[in-house]
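next come a sequence and a model predicted from it.
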Amino acid sequence: MSDEVINIPAAGAKRPVLDESSKKITVLDQLREVISQEVTRPDIEIAVPERPGVTVTFSPNISNDQLKAWRRSSTNKRTDEMDSIKFSCYVIGQTVTGIYIHGKLAMDDDGNVITFASPEMLEMTGKDRPLPDAIQAFYGVDPHLEAVALKVLDYAGYGDDVEMGDPTKG
């Protein structure tokens, strides 16, 4: 299989007019187009179980470097044990894109989206630190923190099964 080649005439000469058959898009052209597109996953919305009418949106676009940094920051240096609640709070706090109540996005008086680091959230929760304190106070139940973090990571693709193709089929 070969790409179609178009000979370009010397400067000043007219370019040939391409007919419909020469405008075919090759497999290589298609591959170039697909690879040039940015790969992102859409935001996901997760209800807060103990807060009726409240949902939170998250961006599941998480790089491996981010994941490693969150794990490192959640690990006790002396015991080398990871704090699963702190890790969950990193995932939640770093991926949140919006907090909704009854379908309306929570925003401050200046029109900024409220997140766990917003002064308003810290005031509402009575906490000084967004992570893990305000996030824990917002969710209220630690198992929900882990469940939300796992769901975000799952949507990011860290829980995906990758199917192997048949190498004999081309």
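Ah, there it is. Nothing here was measured: the structure is a model prediction, and the numbers come from that model.

mind listing what Thr75 touches?
Residues in contact with Thr75 (C-beta atoms under 8 Å, 6 or more residues apart in numbering) are Glu81, Met82, Asp83. Where C-beta positions appear, they are placed from N, C-alpha and C, glycine not excepted.

what packs against the lowest-mean-pLDDT helix or strand in the chain?
When the helices and strands of the chain are scored by mean pLDDT, DSSP states H and E, helix 27-36 comes last with a mean of 90. Judged by 3 or more C-beta pairs under 8 Å, 6 or more residues apart in numbering; DSSP states H and E, helix 27-36 is in contact with no other helix or strand.

name the next helix or strand downstream of it, please.
Note on helix 27-36: by DSSP states H and E, the next helix or strand toward the C-terminus is strand 44-47.

hmm, back to that, would a markdown table of the contacts of Thr75 with secondary structure and pLDDT be doable?
Shown next, in a markdown table, are these (DSSP: H, G, I helix; E, B strand; the rest coil; pLDDT from 0 to 100):
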| residue | secondary structure | pLDDT |
| --- | --- | --- |
| Glu81 | coil | 95 |
| Met82 | strand | 94 |
| Asp83 | coil | 95 |
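
and the residues you listed, which is closest to Glu38?
Nearest to Glu38 among the contacts of Thr75, counting by C-beta to C-beta, is Met82 at 31.3 Å.

please name the nearest non-neighbouring residue to Ala106.
The spatially closest residue to Ala106, leaving aside those adjacent along the chain, is Ile114, at 4.1 Å (C-beta to C-beta, 6 or more residues apart in numbering).

residues in contact with that neighbour?
With contact taken as C-beta under 8 Å, 6+ apart, Ile114 is in contact with Gly98, Ile99, Ala106, Met107, Asp108, Glu120, Met121.

please apply the same query to Ser73.
By C-beta under 8 Å, 6+ apart, the contact set of Ser73 is Lys86, Tyr90.

same question, the one 10 residues further on
Asp83 makes contacts with Ser74, Thr75, Asn76, as judged by C-beta under 8 Å, 6+ apart.

could I get these as a markdown table with pLDDT?
Converted to a markdown table, these look like this (pLDDT from 0 to 100):
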| residue | pLDDT |
| --- | --- |
| Ser74 | 95 |
| Thr75 | 94 |
| Asn76 | 92 |
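
ok, the residues you listed vs Pro130, which is closest?
Of all those, Pro130 sits closest to Ser74, with 14.9 Å by C-beta to C-beta.

I'm done for today, thanks for sticking with me.
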